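>>> take a look and give me a structure for this.
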Amino acid sequence: QLQLVESGGGLVQPGGSLRLSCTASGFTADSYTIGWFRQAPGKEREGVSSMSSLGRITNYADSVKGRFAISRDNAENTVYLRMNSLKPEDTGVYYCAKGRYSNRWMAPLVATEYDYWGQGTQVTVSS
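Alright, predicted model coming up:
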C-alpha cells in the first residue's frame, strides 16, 4: 500500500529551524518527484519545494529560497525539508506528496501534478 508519512513539525520561534521528514512506503521515492506543500488557515495550499526523480532538479517557491533545502535519503526512502530562518508566515500544515510521473527533469510546485499525499504535519512559528 502506497503511503507517505510526514513528521518533524512543531512550535518554533522566529529565526529558528526545523527539519521535516517524509517517509515513503509502497514505492521507491527516488523514482518519482516528491513535493512539499503547505496550507495556512484560510489560505490555499501552496507549493514550497520539490525534487525530481533521481534528485536532478530541485525547485523552491520564491518565499523560501535561500532558507529551505530539500534532500533525499534513498536508504531510508525519505525526503527531508530543512527549514531555516523561519518566519511567522511559514506557519501552516506541511504536506509531502508523490508526483504522478517518474520524470527526472521535472519538479513542479503545482498540486495537480501529485497523486498521493501524506496526512500533514503542523508547523507553527511564533514567539
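
>>> the closest residue to residue 26 other than its chain neighbours: what's it in contact with?
Excluding its sequence neighbours, the residue lying closest to residue 26 (CB to CB, 6 or more residues apart in numbering) is residue 2, at 3.7 Å. Any C-beta I mention is one placed from the backbone N, CA and C, and that applies to glycine too. Shown in contact with residue 2 (CB atoms under 8 Å, 6 or more residues apart in numbering): 24-27, 98, 116.

>>> again, only using 7 Å
26-27, 116 (CB atoms under 7 Å, 6 or more residues apart in numbering).

>>> hey, what's residue 117 bridged with?
residue 97 (DSSP bridges).

>>> what separation do you get for it and residue 31?
In this view, residue 117 and residue 31 are 17 Å apart by CB to CB, to the nearest Å.

>>> what would the contacts of residue 2 look like in CSV with neighbour count?
Shown next, in CSV, are these (neighbours: other CB atoms under 10 Å):
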residue, neighbour count
26, 11
27, 16
116, 16
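
>>> can I get those in CSV including pLDDT and distance to residue 91?
Shown next, in CSV, are the contacts of residue 2 (pLDDT from 0 to 100; distance: CB to CB, whole Å):
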residue, pLDDT, distance to residue 91
26, 95, 30
27, 94, 30
116, 97, 25
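
>>> and those residues, which is closest to residue 12?
In terms of CB to CB, no member of those lies closer to residue 12 than residue 116, at 27.6 Å.
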